[in-house]
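S.K.: 3D model of this:
(chains A and B)
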Amino acid sequence: MSGSSQPGFIVDCDIHQPDPLNEEFAEYLPEPYKTEIATFGPRKLFSGHRFEDGGMRWDLRGEINGKVMDEPGFFIENLLDRYDHRFGLLTGNVGTISGIPDPDYAAAIAAGLNDRTMDVWLPVDDRFGMSILVPLQDPQAAVREIRRLGEHPRVKAVSMFATANRIPFGDRYYWPIYAECEKLGLPIHMHPSTTAVIANHAHTPAGEAATYFESHCTLPTYYMAQTASMILRGVFEQFPSLKIILVEGGISWLPHLLWRMDAEYKGLKHEVPFLKRLPSQYVKDNIRLTTQPIEDPADVRHLQQIMEMVDAENTVMYASDFPHWDFDEPSHIESKLGSGMMQKLLHDNACEYLGLDCDSHPVFTGTEPRVLADA
Amino acid sequence: MPEWHDVAAFEDLTPEKPLVVTIGNTSIGVKVWRDKVFAVVNRCGHAGAPMAYGEIHPTMSSPSPGAPVEVDYDKPEIRCPWHHWGFDLGTGACTAPIRRPRLRIYETRVEDGRVYILA
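M.R.: All right, here's what the predicted structure looks like:
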């Protein structure tokens, strides 16, 4: 176990450690999947899009100081140490399992990947925590996986892939998962999967996207639909302590949805008589959003206004998305939003929401670009 | 006044491995692409990424949807390693129609197997 003796500052809600589904990984699987993976490789599900050149930062190719991206040490050196992380949430790279039709296969892969992360990644640095994968195809199996691992002290969230579902997240189909997460205090980590989205039989609510570009820039539409679904079907009345994190879906879509839901609630509340509050009020209590990819308007004041509209100082948390191509350094966030809310946005909010041990309370002293120092 | 600086042997440059040199206080990325040498400031004005690790591509355009794509190898662009923004290697302008950021481009020449940068 390594890790700095002093707590760092940055709390990072989205780090993608590689999850190679290869022969070595097959050792984490029961039969018949062990033989299947070792013989035939993983089952394929694909959007048909060209991913943005593998989806990784180009400056992280090959060896850096003798380490390659498959190794925890690479992440420690190029992320945790470089940016002074206090905590990094490992969220994996295999959201595609959420779209695989076979629930038993999905459950086996999810459990194997969770075990591998615990074996290979967590022991190396005590700043790593993890979000566990669960098979959304079978909520009862998902509950079993949460019960198997959810009380592990390094498990800080449960992953659901917000763009990959045949049934919207407000549906009672998922409620056993929510009940278990609420009981254990584990947030649900909702993350896009531009590959698994094909399980919806369309990349966007409008239909198939021709390109990765078209698919990727419409991800917020899924978050709008999932947020409305959860609020308007009463998820947060049923599970008032449930915590949701909306990752990588942007932020600027939220004011419109909140205003529209609150406006229409006045005339349509008879359809949702179980809701006791304005829809927007559930967001403040039950939902957090993450920064990456931070929106990039020509006039940064417009983004700052939206941040004020969504009470970002209390509802937004930092995510790097390391090592993906649209990674954001902490200094990039500060350059957009100013330093005033960085204490809470880069540290406090996620410390509290993820239930980290935050007895010591480092004070924000500013960010700076950290890559070029060694370039 | 800018001066010519001898920074490397041409044969040591490869498309796969970027070269970073410091001239004065400025970090500069040196790239080779289709036997031509390019030098750019090693910091993207968008989010601060190291441009030395960017990729050089030909400019691609199309007159209308469905028309054949025109690939212009004489007008290359460098794309940033993060977020993949493109910058014209002739002018330094972003290849999207925005005024800023721009990328500083340095003149280069190769003489007797050595690479020189005007900086």
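
S.K.: can we go C-alpha only for contacts and neighbour counts from here?
M.R.: Will do.

S.K.: give me every residue in chain B lying close to chain A.
M.R.: Taking CA under 8 Å from any CA of the partner chain as the criterion, chain B approaches chain A at residues B:20, B:42-43, B:47-50, B:53-54, B:81-84.

S.K.: those: which two are farthest apart?
M.R.: The span of these, defined through CA to CA, is set by B:Val20 and B:His83 at 20.4 Å.

S.K.: max-length strand in chain B?
M.R.: Counting by DSSP state E, the longest strand found in chain B is strand B:70-79.

S.K.: for that strand, packing partners?
M.R.: Packing partners of strand B:70-79 (3 or more CA pairs under 8 Å, 6 or more residues apart in numbering or on different chains; DSSP states H and E): strand B:55-61, strand B:86-88.

S.K.: the following helix or strand past the last one: partners in the sheet, and parallel or antiparallel?
M.R.: Sequence order places strand B:105-111 as the next helix or strand after strand B:86-88, per DSSP states H and E. Here the strand partners of strand B:105-111, with direction, are listed using DSSP bridges: strand B:36-41 (antiparallel), strand B:114-118 (antiparallel).

S.K.: mind listing what's buried in strand B:105-111?
M.R.: Judged by neighbour count (16 or more other CA atoms under 10 Å in any protein chain shown), strand B:105-111 contains these buried residues: B:105-106, B:108.

S.K.: pull up the gap between A:Ser81 and A:Asp328, please.
M.R.: You called it Ser, but residue A:81 is Asp. Counting by CA to CA, to the nearest Å, the separation of A:Asp81 from A:Asp328 is 16 Å.

S.K.: same question, A:Phe74
M.R.: 18 Å.

S.K.: of these two, which one has the most company?
M.R.: Between A:Phe74 and A:Asp328, A:Asp328 has the larger neighbour count (other CA atoms under 10 Å in any protein chain shown), namely 24 against 19.

S.K.: just the pLDDT at that one, thanks.
M.R.: For A:Asp328, the pLDDT comes out at 96.

S.K.: leaving out the residues flanking it, which one is nearest to it?
M.R.: Taking CA to CA, 6 or more residues apart in numbering or on different chains, and ignoring the residues beside it in sequence, A:Asp328 has A:Ser320 as its nearest neighbour in space, at 5.3 Å.

S.K.: distance-wise, check that neighbour relative to chain B.
M.R.: Distance of A:Ser320 to chain B, given as CA to the nearest CA, to the nearest Å: 12 Å.

S.K.: residue contacts, that residue?
M.R.: Neighbour list for A:Ser320: A:12-15, A:291-292, A:327-330 [criterion: CA atoms under 8 Å, 6 or more residues apart in numbering or on different chains].

S.K.: same thing with A:Lys269?
M.R.: A:Leu275.

S.K.: Three-state assignment for it, please.
M.R.: For A:Lys269, the secondary structure call by DSSP: H, G, I helix; E, B strand; the rest coil comes out as helix.

S.K.: any idea how far A:Pro205 is from it?
M.R.: 25 Å.

S.K.: cool, A:Tyr353 as well?
M.R.: A:Tyr353 sits 30 Å away from A:Pro205, taking CA to CA as the criterion.

S.K.: in space, what's closest to A:Glu27 - neighbours in sequence excluded?
M.R.: Sequence neighbours aside, A:Lys34 is the residue nearest to A:Glu27 in space, at 6.4 Å (criterion: CA to CA, 6+ apart).

S.K.: wait, is that neighbour part of a strand?
M.R.: No: according to three-state DSSP, A:Lys34 belongs to no strand; its state is helix.

S.K.: can you get me a residue count around it?
M.R.: Residues contacting A:Lys34 under the criterion other CA under 10 Å number 21.

S.K.: go on, the one 4 residues further on?
M.R.: Under the neighbour criterion other CA under 10 Å, A:Ala38 is assigned a count of 16.

S.K.: go on, A:Glu31?
M.R.: A:Glu31: 12 surrounding residues under other CA under 10 Å.

S.K.: three-state assignment of it?
M.R.: Put simply, A:Glu31 is coil when judged by three-state DSSP.

S.K.: just the pLDDT for the residue nearest to A:Asp328.
M.R.: Taking A:Ser320 on its own, its pLDDT is 98.

S.K.: what strand or helix carries it?
M.R.: Under DSSP H and E, no helix or strand contains A:Ser320.

S.K.: now do A:Ile167
M.R.: Per DSSP H and E: A:Ile167 is located in neither a helix nor a strand.

S.K.: which residues does it contact?
M.R.: Going by CA under 8 Å, 6+ apart, the list of residues near A:Ile167 reads A:Tyr173.

S.K.: please apply the same query to the one 4 residues further on.
M.R.: The contact partners of A:Asp171, by CA under 8 Å, 6+ apart, come to A:229-230, A:233.

S.K.: now the residues you listed as TSV including distance to chain B, secondary structure and pLDDT?
M.R.: What follows is those, written out as TSV (distance: CA to the nearest CA, whole Å; DSSP: H, G, I helix; E, B strand; the rest coil; pLDDT from 0 to 100):
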residue	distance to chain B	secondary structure	pLDDT
A:Ser229	31	helix	97
A:Met230	32	helix	98
A:Arg233	37	coil	98
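
S.K.: I figured A:Asn165 hits A:Ile198, correct?
M.R.: No: with contacts defined as CA atoms under 8 Å, A:Asn165 does not count as touching A:Ile198, sitting 9.1 Å away.

S.K.: please identify which of those two sits among more neighbours.
M.R.: Comparing A:Asn165 with A:Ile198 by other CA under 10 Å, the one with more neighbours is A:Ile198, at 23 against 20.

S.K.: so what's that one up against?
M.R.: A:45-47, A:99, A:164.

S.K.: hmm, 10 Å instead?
M.R.: By CA atoms under 10 Å, 6 or more residues apart in numbering or on different chains, A:Ile198 lies in contact with A:45-48, A:96, A:99-100, A:163-166, A:204, A:208.

S.K.: how about A:Glu71?
M.R.: Residues in contact with A:Glu71 (CA under 10 Å, 6+ apart) are A:17-18, A:120-121.

S.K.: mind checking which of the residues you listed are buried?
M.R.: Buried by 16+ other CA under 10 Å: A:17-18, A:121, out of the contacts of A:Glu71.

S.K.: once you drop chain neighbours, what's closest to A:Tyr28?
M.R.: A:Gly112 (4.9 Å).

S.K.: okay, now the one you found: neighbour count?
M.R.: A:Gly112 has 21 neighbouring residues, counting by other CA under 10 Å.

S.K.: specify the local secondary structure of it.
M.R.: helix.

S.K.: one more: A:Ala157?
M.R.: Going by three-state DSSP: A:Ala157 is strand.

S.K.: nearest spatial neighbour of it, chain-adjacent residues omitted?
M.R.: Nearest non-adjacent residue to A:Ala157, counting by CA to CA, 6+ apart: A:Ser131, 4.4 Å away.

S.K.: which of the helices or strands spans that neighbour?
M.R.: Judged by DSSP H and E, A:Ser131 forms part of strand A:128-133.

S.K.: tell me which strands that strand pairs with, and in which orientation.
M.R.: Counting by DSSP bridges, strand A:128-133 is paired with strand A:85-90 (parallel), strand A:155-161 (parallel).

S.K.: before we move on, the earlier item: contact partners for the residue nearest to A:Glu27?
M.R.: Counted by CA under 10 Å, 6+ apart, A:Lys34 has contacts A:22-28, A:41, A:108-109, A:112.

S.K.: out of those, which is most surrounded?
M.R.: Compared across the contacts of A:Lys34, A:Ile109 has the highest neighbour count, 27 neighbours, by other CA under 10 Å.

S.K.: pLDDT (mean, whole number) over the helix or strand containing that residue?
M.R.: For A:Ile109, the host element (DSSP H and E) is helix A:103-116. Across helix A:103-116, the average pLDDT comes to 97.
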